[in-house]
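Visitor: Attaching a predicted model along with its sequence, questions to come.
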Amino acid sequence: MAASARILLVEDDAEIASAVALELEHEQYHVTVESDGLRGLAAAEAGDPDLLILDVMLPSVSGIDICRRLRRRSAVPILILTARSSVSDRVEGLDAGADDYLTKPFSPEELLARVRSCLRRSAPSLTGSRIELADLQLDTMRREVARGGVAIELTRREFDVLEFLLRHPGQVLSRETIFERVWGYDFLGDSNVIDVYIGHLRRKIDVGFEPRLIRTVRGVGYTLRAPP
């Protein structure tokens, strides 16, 4: 994944948060910082970060609880930062759904290496202009789509919606986010245009194929996810 990935940092120590954000921004990542657990959880659920960096000891809601809540609806990569370094602490964080665990103090080089590793593991397979998830392939240059070797005809806008979903595998994307990122302007709150396009895509890339990749998260939005 490109260094322009969006990273949400939830850390209540202002000095650590500032230092981590500075390192990440120096590498051209887009960083949003929250210092409170509830605000961090809300930011993760409302947006579509490519990576969540999460302290454990937070006001309002602990990092462990945030992990558990997010894992019910999102596959966003989570890197835990904490001073708690015992084996049981690491196991608790990983069992809650974290992808990696980094203990304080840590070097900037190790932090950046862990960030790159988390982003690589979460990215769909990219070969040249192709994006792949399970047996679904999308070619951004030729604007061609196939599943299981079967060519699929999509309209221009269907292609754009599918490409956006493929570039954020496992993330639950709200209708507002899809509309604003694909259409390029503010979401029309009473419009069902996203539901219509998702319906078209389901009929074309899911019906007749297994497993089904497009999933609805009620009250939130949609996600494109391959089975484990």
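Guide: Received the coordinates, thanks.

Visitor: from here on, contacts and neighbour counts on C-alpha atoms
Guide: Noted.

Visitor: pLDDT of stretch 82-96, averaged?
Guide: For stretch 82-96, mean pLDDT is 80.

Visitor: An error on my part: the question was meant for stretch 41-50.
Guide: 86.

Visitor: ditto for stretch 152-172
Guide: For stretch 152-172, the per-residue pLDDT values average out at 90.

Visitor: Buried residues in it, which are they?
Guide: 154, 158-163, 165-172 (16 or more other C-alpha atoms under 10 Å).

Visitor: got it, and stretch 102-114?
Guide: Applying 16+ other C-alpha under 10 Å to stretch 102-114 flags Leu102, Leu111, Arg114 as buried.

Visitor: Tell me which entries of the buried residues of stretch 152-172 lie within helices.
Guide: Residues of the buried residues of stretch 152-172 located in helices (DSSP state H): Glu158, Phe159, Asp160, Val161, Leu162, Glu163, Leu165, Leu166.

Visitor: residues contacting the first one?
Guide: The contact partners of Glu158, by C-alpha atoms under 8 Å, 6 or more residues apart in numbering, come to Tyr197, His200, Leu201.

Visitor: now the buried residues of stretch 102-114 in TSV, with pLDDT and distance to Asp135?
Guide: Below are the buried residues of stretch 102-114 laid out as TSV (pLDDT from 0 to 100; distance: C-alpha to C-alpha, whole Å):
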residue	pLDDT	distance to Asp135
Leu102	88	34
Leu111	93	33
Arg114	88	28
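
Visitor: Just the residues you listed: which are in strands?
Guide: Cross-referencing these against strands under DSSP state E gives Leu102.

Visitor: Now distance to Leu81 too, for the buried residues of stretch 102-114, in CSV please.
Guide: Below are these laid out as CSV (distance: C-alpha to C-alpha, whole Å):
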residue, distance to Leu81
Leu102, 5
Leu111, 9
Arg114, 11
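
Visitor: and which of the buried residues of stretch 102-114 is nearest to Ile80?
Guide: Comparing the buried residues of stretch 102-114 against Ile80 with C-alpha to C-alpha picks out Leu102 as the nearest, at 6.0 Å.

Visitor: measure the closest one to Thr82 for me?
Guide: 7 Å (C-alpha to C-alpha, to the nearest Å).

Visitor: In which helix or strand does Leu52 reside?
Guide: strand 51-55 (DSSP states H and E).

Visitor: Just the residues contacting that strand, thanks.
Guide: By C-alpha under 8 Å, 6+ apart, strand 51-55 touches 5-12, 44, 63, 76-82, 115, 118-119.

Visitor: Repeat that for stretch 171-182.
Guide: 46-48, 73-76, 160-161, 164-165, 185-187, 189, 194, 217, 220-224.

Visitor: Tell me how far that stretch lies from the chain's centre.
Guide: Its chain's average C-alpha position is 12 Å from that of stretch 171-182, according to C-alpha atoms, centre = their mean, to the nearest Å.

Visitor: Please tabulate the ones in helices among the buried residues of stretch 152-172 in JSON lines, including the columns distance to Gly93.
Guide: Supplementary listing: these in JSON lines, determined by distance: C-alpha to C-alpha, whole Å:
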{"residue": "Glu158", "distance to Gly93": "38"}
{"residue": "Phe159", "distance to Gly93": "37"}
{"residue": "Asp160", "distance to Gly93": "36"}
{"residue": "Val161", "distance to Gly93": "34"}
{"residue": "Leu162", "distance to Gly93": "33"}
{"residue": "Glu163", "distance to Gly93": "32"}
{"residue": "Leu165", "distance to Gly93": "28"}
{"residue": "Leu166", "distance to Gly93": "27"}
